[in-house]
Structures are given as C-alpha cells and as structure tokens.
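**Student:** Below are the sequence and a predicted model; questions follow.
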Amino acid sequence: MDNSLHEKLKAIENSLPEIEKQLSEIDISKDQKGYAEIAKKHSDVLIIVDLFNEWKTIISENDDAVELINSEDDEDMKSEFESIITENKNKLEPLVKKIKVSLLPKDPLDEKDVLVEIRPGAGGEEAAIWVGDLYKMYTRFAERNAWNVEPIEITASDQGGYSKIIFAIKSKGVFSKLKFEAGAHRVQRIPKTESQGRVHTSIATVAVLPEAEEVDLNIVDSDLKIDVYRSSGPGGQSVNTTDSAVRITHIPTGLVVTSQDEKSQLKNKNQAMRILRARLLKAEQDKAAAERAKDRKEQVGSGERSDKIRTYNYKDNRVSDHRINLTLKKLDQVLDGDLEEFVVGLIADNEASRLANLEE
C-alpha cells in the first residue's frame, strides 16, 4: 500500500467519531432525509475502516513474524513464521484491491428499487414476443433473489406479444445489480410463425430506472400538462367507456408518460407520476454522470439490430454479453432467470474500469 492511500485511510478512520457524533445528535423525526444521508455515510465509512483494520492486523502479524524469525534459532519455528508471512502476503493484494473498490465514489442510486421498461425494437411482432420472454426472465431472476415484482403497465400487441411492459422490482440494492441490464437485447431464433425455418434476428430494449421518491425531486404542478383519454387495447378496440387513461407531459423537459392499465383515473395518474419521477431522476443522474465521464455506456440505444449489449442464440443454446466478452452455453437456464454470472461479471468490469480511471 502506497503512502497516499495509507494517509487517505487514516483520514477516513479519524473522521469516524465525528460522523458518529452527528448521527447521535440528529433528530430523525424532524429530518428523515438528513438522518438517512448521515446513516449511509456512517455505513460506508465503517466498511472502509473495518477493511483498514484488517490490513493493519495482517501487517502487524507480519512484523511480529519477521522479528521472531530474526531472534529464533529453531529452524522449524522459523519455517512456521515464514509460512505465516507467505500466507499473509497472499491475503494482502486482494485486500488492498477491496479497499480501493470501497473508496470508489458510490452511485447514490444503488440502493434504490427499480422500474424496468421493456419495449420491442427492430423485428416486428417477433420483437414484441421477445419483450414477453425478457419480462419472464427478469421476474424469474427476481424470484431467485427473493425480490418483490410489481407489474405496472402491460400492453399487449396484436399477435401474442407486447408493445410495452413496465414493472417494478423492490428490494435493497436492486438498482446496483440490474442497472447494467439496460440496453438492446438481441434474439436469434426461428419464430413460430416462420414456415420455412429461417432464423430471424429481433431486438427488445430494456431501460432500468431507479425508482424516485417524492423527496428526491421537486416537481412543480405548473410544469405538468395532464390529459385524460379513453383507454384502448390491441388493434385499437376500447378497453372501457370512461376517460380513465392519463397522459402527463413534463413541460421543461418534454418527457411524456402515459398510463391506462388501471380503471381509475386517479390510479393511472399516480402510476404515470411514478414513471415520470423515475425518468426525471435518471435523466438528472445521467446528465451528472456525462459531465464526470464522457464514455459512460448508453442506456438503451436506438433499438436497431447492430446496437446490442447481449445476444441470445437459440440454435446454439448460447447467450453472449458483448461488453465483457462472456458467453454461456445455457440459454434455457438464463431465460429461466439464471443471470448471476452476467450480473457479477458486469459489476466486476465496472469496478475494474473505475479503478483504472482512479489510478490514472
């Protein structure tokens, strides 16, 4: 560990008593947001201090072992102390890397629940069917992690697919696990409607939005244009006979959201506001991130076949993530929610690139 890193860790360790003092003095009943921010800071600092203490313990053990080797005449005892030093050296490199990762700036949204939007891209009705398959994959992945899934808007297309699916996944830290799923997902397979057995390539786009609470954003009523209209289903037929569907336009940004799944106009308005808040929060964070790092990956892309993050090939039973060059020959298991290897690989790749940028 170099001196600058050691000094930084000492400074963080020295800041812990002051943070604990702030935490004990704040009145949670009067300032919930402030308390949550300090509690989060305390938790992050505690993790770093614990890792630093682990490093200091290993260094101390090594110093003691070196001292005992120099004062020991018994060769067997010397060998035992040398093995302790070797063992500790093997622990130090991964520990220092872990410490560096813990020092990386935290994404303030990582602990949030998420709204996931899946829409068809290129590929016509086959792309719309693929939307439903991806929805099933993510709900199965959520089940494996004991996360709660809440459907928000499911709009069927004419031939068994979906023109849009929006759903929430709720659990601590969900955004940190799923944010790298955002992008264009390409499928290569023979559609059921294909009579000549030709493989088609289709795209569905996935957006992963951190769910915003009212305290996260200040949305002024005068900035909203709210329209109500009659809900319609696949093919344009009327779903109900009342003007219960809601369209909300956020005038400053031009963002438009709609909701028509609920029969109540109030419920549709609440759902639309929920989606709008998530999109505005994501837009704010993306703008801030773009200023910090020009090469940040795009959320969704254009939805064209060439613009993909992952390919699902049915013929070869293969799934390939093009960002980390990871290919798994278990398509059926992945579609059944076995996404862990991709999630872990993408998080590790992100940490490695951020560490490289930090060290530069």
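**Tutor:** That came in fine, so what should we check first?
**Student:** quick one: buried residues of the longest helix seen in the chain?
**Tutor:** Criterion DSSP state H: the longest helix present in the chain is helix 32-71. Buried residues in helix 32-71, counted by 16 or more other CB atoms under 10 Å: 35, 38, 45, 48-49, 51-52, 55, 58, 61-62, 65, 69. No exception for glycine: its C-beta is placed from N, CA and C like everyone else's.
**Student:** can you redo those as TSV with distance to L346 and pLDDT?
**Tutor:** Listed next are the buried residues of helix 32-71 as TSV, based on distance: CB to CB, whole Å; pLDDT from 0 to 100:
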residue	distance to L346	pLDDT
Y35	32	84
I38	31	87
V45	27	90
I48	24	90
V49	28	92
L51	23	91
F52	28	91
W55	28	91
I58	30	90
E61	36	88
N62	35	87
A65	40	83
I69	44	84
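**Student:** List just the nearest of these to T311.
**Tutor:** L51 (37.9 Å; CB to CB).
**Student:** which ones are touching that closest one?
**Tutor:** Residues near L51 by CB atoms under 8 Å, 6 or more residues apart in numbering: 95, 98-99, 102.
**Student:** I'd assumed S79 was in contact with E72.
**Tutor:** No. Using CB atoms under 8 Å, E72 is not in contact with S79, being 9.9 Å away.
**Student:** Neighbour count for the two, which is higher?
**Tutor:** Using other CB atoms under 10 Å as the criterion, E72 and S79 rank with E72 on top: 15 against 11.
**Student:** what's around the closest residue to that one other than its chain neighbours, how many residues?
**Tutor:** Nearest residue to E72 in three dimensions, chain neighbours excluded: K78, at 5.3 Å (CB to CB, 6 or more residues apart in numbering). Using other CB under 10 Å, the number of residues around K78 comes to 16.
**Student:** where does K78 fall, phi/psi-wise?
**Tutor:** Main-chain torsions, K78, degrees, to the nearest 10: phi -60, psi -40.
**Student:** Also the one 4 residues further on?
**Tutor:** E82 has phi and psi values of phi -60, psi -40 when expressed as degrees, to the nearest 10.
**Student:** residues near it, how many?
**Tutor:** 13.
**Student:** you'd agree it is up against I69?
**Tutor:** Yes. Applying CB under 8 Å as the test, E82 and I69 come out as touching, 6.6 Å apart.
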